[in-house]
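*Asks:* structure for the following, please:
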Amino acid sequence: MTTLNITGDPAADDLLGSDAFALLTGMLLDQQVAMETAFAGPAKIRDRVGTIEPAAIAAVEPERFVEAFKQPPAVHRYPGSMAGRVQALAAAVRDEWGGDAAAIWTQGDPDGAEVLRRLKALPGFGEQKAKIFLALLGKQCGLEASGWREAAGHYGEAGSYASVADIVDPESLAKVRATKQAAKAAAKAAKR
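*Replies:* Coordinates of the predicted model:
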């Protein structure tokens, strides 16, 4: 089990550290909500649906799954679309990886570039999300795939504080937030 400190909730962090699909789901949910909210989502799903197992999640009746997302506190600010994305991810893990999310980064001893390719093939994972997740696997989850830092781009750099991959405590969370705010300000200034 990996010890993660992302959500501020020990039970939610324990789930992320012990269940590969929960961690993958937290990464999927990490858009347009605070990182802590996104990564706390898998624990809410498990508590409301009774499982975080991919085949079971994929099989939940979609309207029931959306209702689980809407229960206060909501899993995500966009419960309908994100519930659908989580079910699509669960179906992909079930169908393509035998229900074992960790197989995405372990099966066949893949190198970093191959893990990145596999992540990008998942529903809801574009280039940036896949690179951040690869960095999270390498920096905090013991991934030893050769070339993972290069494949993760700047997210793989040691001491970068560029993403959730760098959050290990409240201080590092503050540094990641500052980095993201600076990047948004620079992008905004560049548009002017």
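
*Asks:* where in the protein is the helix or strand with the lowest mean pLDDT?
*Replies:* Within the chain, no helix or strand scores below helix 170-191, which has a mean of 88 by mean pLDDT, DSSP states H and E.

*Asks:* give me the most central residue, the chain.
*Replies:* With distances taken as CA atoms, centre = their mean, residue 27 lies nearest the centre of the chain, 1.4 Å away.

*Asks:* helix or strand right after whatever helix or strand that residue lives in?
*Replies:* Secondary structure assignment for residue 27, by DSSP states H and E: helix 20-29. Toward the C-terminus, helix 20-29 is succeeded by helix 35-49 as the next helix or strand (DSSP H and E).

*Asks:* buried sites along that next one?
*Replies:* 35-46, 49 (16 or more other CB atoms under 10 Å). Bear in mind the C-beta positions are built from the backbone N, C-alpha and C, glycine included.

*Asks:* residues contacting residue 62?
*Replies:* Contacts for residue 62 (CB atoms under 8 Å, 6 or more residues apart in numbering) come out as 83-84, 87.

*Asks:* would you turn the residues you listed into CSV with secondary structure?
*Replies:* Compiled in CSV, the contacts of residue 62 are given as follows (DSSP: H, G, I helix; E, B strand; the rest coil):
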residue, secondary structure
83, helix
84, helix
87, helix
